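1. pasting the structure only:
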Ligand SMILES: [Fe+2]
């Protein structure tokens, strides 16, 4: 049982915790700060209060809004021009895309080539500006990961700039900042977190520590995702979602994902489906495929849920979990067919081939999959 476990970011959690940022900045002596703010939060009182507090303790604050939900490399190269290496700190306030953008900008300030030349893993050479990440959605986990995803508009694929050099020094997980998150984003980010929890648990490289985080993430996320969608002002449910999402990304970061995550990428690039929503559509189907091909460990999730009938056989519990995931997708109003995104039968071969190219995730999937298996899963949803 050999494994390693990694979490590089100091994470502060709880309602109101964002207010500790000015103190952190002062303590470290940061004077020149760049802030990237999700444009949807321009009027948000919690975000404004946060920026106001920051202004009070620094000499120079440069604020730029991000409006891109799925930033491209061209957008990133334009965006980086607003920030340079003279800054002491970059602060990202927003959803996963805004945090990805903040992380990438922080290293591009000290690595001068075009952004796309750093696409891939560990190609960034020089350390960047330190980053503080303040998520306003509960799901993606970008606030602690060494990944930032961008779309290559020419090649029509998503492959990010991945490096440990921009991993945030501090993540402020403040549920107040997620209260205003709109329904569609709450669903998409929440499903993203659930996919992280489930896929990391069954991933081939999962470890006892990562599985502990996966299980707890699942236990928290499953009841709270519908709760937060139905009661968006419920601070307790928002807090639970943020905690569950945090556990889920710790698990994913240490174990890897699988086929569900892989399937979401081509659907995102070719049909503009948000990452979490795309994963959510595939989660039950992929889980069932895996469970039917020997991955009985999905059944462990069953034991974490209250009020369910006793099922003695692990395989039965695994299939019951797939049914539960199916029902959740229905309750959240996720489309049951890819047609809803304009996908036609003739597109399925390309989607299957593009998914197969994501070999890292495919290899982590607990069951073997061929391009024909993926085509079949897509066909069932067409
Ligand atoms: Fe994800």
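-> Here it is on my side, so go on. This is a predicted model, so every value here is computed, not measured.

2. contacts only, for the closest residue to residue 191 other than its chain neighbours.
-> For residue 191, ignoring the flanking residues on the chain, the nearest one in space by Cβ to Cβ, 6 or more residues apart in numbering is residue 280 at 3.2 Å. Quick note: C-beta positions are derived from backbone N, CA and C, even for glycine. By Cβ atoms under 8 Å, 6 or more residues apart in numbering, the contact set of residue 280 is 187, 188, 191, 192, 194, 195, 329, 332, 334.

3. which helix or strand contains the third one?
-> Just to be clear, that refers to residue 191. Remark: residue 191 resides in helix 183-202, with elements defined by DSSP states H and E.

4. among the contacts of residue 280, name the buried ones.
-> Listed as buried from the contacts of residue 280 are 187, 188, 191, 192, 194, 195, 329, 332, 334; burial here means 16 or more other Cβ atoms under 10 Å.

5. out of those residues, which is nearest to residue 39?
-> Checking those against residue 39 with Cβ to Cβ, the nearest one is residue 188 at 17.5 Å.

6. so the closest one makes contact with residue 276?
-> Yes: between residue 188 and residue 276 there is a contact under Cβ atoms under 8 Å: 3.7 Å.

7. which non-adjacent residue is nearest the most centrally placed residue in the chain?
-> Centroid-nearest residue in the chain, with Cα atoms, centre = their mean: residue 140, separated by 2.0 Å. In this structure, residue 140 finds its nearest non-sequential neighbour in residue 96, 3.0 Å apart by Cβ to Cβ, 6+ apart.

8. give me the neighbour count for that neighbour.
-> Neighbour count for residue 96, taken as other Cβ atoms under 10 Å: 30.

9. repeat that for residue 326.
-> 17.

10. can you check residue 231 too?
-> Taking other Cβ under 10 Å as the criterion, the count of residues near residue 231 is 12.

11. and it, how far from residue 31?
-> Residue 231 sits 42 Å away from residue 31, going by Cβ to Cβ, to the nearest Å.

12. residues contacting residue 73?
-> By Cβ under 8 Å, 6+ apart, the neighbours of residue 73 are 114, 115, 116, 119, 150, 151, 152, 153.

13. next up, the contacts around the first one.
-> In this structure, residue 114 makes contact with 73, 77, judged by Cβ under 8 Å, 6+ apart.

14. picking that back up, any idea how far the residue nearest to the centre of the chain is from residue 288?
-> Residue 140 sits 25 Å away from residue 288, going by Cβ to Cβ.

15. residue 57 too?
-> 53 Å.

16. of those two, who's got more company?
-> The neighbour comparison of residue 57 against residue 288 (other Cβ under 10 Å) goes to residue 288, with 21 against 17.

17. for the more buried one, give me its contacts.
-> Applying Cβ under 8 Å, 6+ apart, the residues near residue 288 are 319, 322.

18. next SSE downstream of whatever helix or strand it lives in?
-> Per DSSP H and E: residue 288 is located in helix 275-292. Of the helices and strands lying after helix 275-292 in sequence (DSSP H and E), the nearest is helix 299-302.

19. residues contacting residue 265?
-> 157, 158, 275, 278, 354, 355, 358.

20. give me the below-cutoff pLDDT ranges for this structure.
-> Within the chain, no range satisfies pLDDT under 70.

21. got the residue ranges for the strands in the stretch 1-150 of the chain?
-> 10-13, 32-38, 60-66, 89-94, 120-121, 131-135, 147-148 (DSSP state E, counting those that start in this stretch).

22. can you redo those as TSV with mean neighbour count and distance to residue 308?
-> Supplementary listing: the strands of the stretch 1-150 of the chain in TSV, determined by neighbours: other Cβ atoms under 10 Å; distance: least, Cβ to Cβ, whole Å:
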stretch	mean neighbour count	distance to residue 308
strand 10-13	14	29
strand 32-38	23	38
strand 60-66	16	42
strand 89-94	28	37
strand 120-121	14	41
strand 131-135	28	32
strand 147-148	22	35
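
23. can you give the domain ranges for the protein?
-> Following automatic domain parsing, the chain resolves into domains at 10-178, 183-381.

24. residue contacts, the closest residue to residue 371 other than its chain neighbours?
-> In space, and not counting its chain neighbours, residue 371 is closest to residue 356: 4.7 Å by Cβ to Cβ, 6+ apart. Counting by Cβ under 8 Å, 6+ apart, residue 356 touches 362, 371, 374.

25. SS state for the last one?
-> Read that as residue 374. With DSSP: H, G, I helix; E, B strand; the rest coil as the basis, the three-state label of residue 374 is helix.

26. count residues in the vicinity of it, would you?
-> Neighbour tally, residue 374, other Cβ under 10 Å: 25.

27. look up how far residue 348 lies from it.
-> Distance, residue 374 to residue 348, using Cβ to Cβ: 9 Å.

28. got a list of what the nearest residue to residue 10 once chain neighbours are set aside touches?
-> Once flanking residues are discounted, residue 10 sits nearest to residue 170: 5.1 Å by Cβ to Cβ, 6+ apart. Neighbour list for residue 170: 9, 10, 11, 12, 24, 132, 133 [criterion: Cβ under 8 Å, 6+ apart].

29. okay, and the beta partners of residue 170?
-> For residue 170, the beta-bridge partners under DSSP bridges are residue 10, residue 132.

30. that one and residue 91, how far apart?
-> 9 Å.

31. also residue 193?
-> Residue 193 sits 23 Å away from residue 91, taking Cβ to Cβ as the criterion.

32. go through this protein and flag its longest helix.
-> As assigned by DSSP state H, the longest helix anywhere in the chain is helix 208-230.
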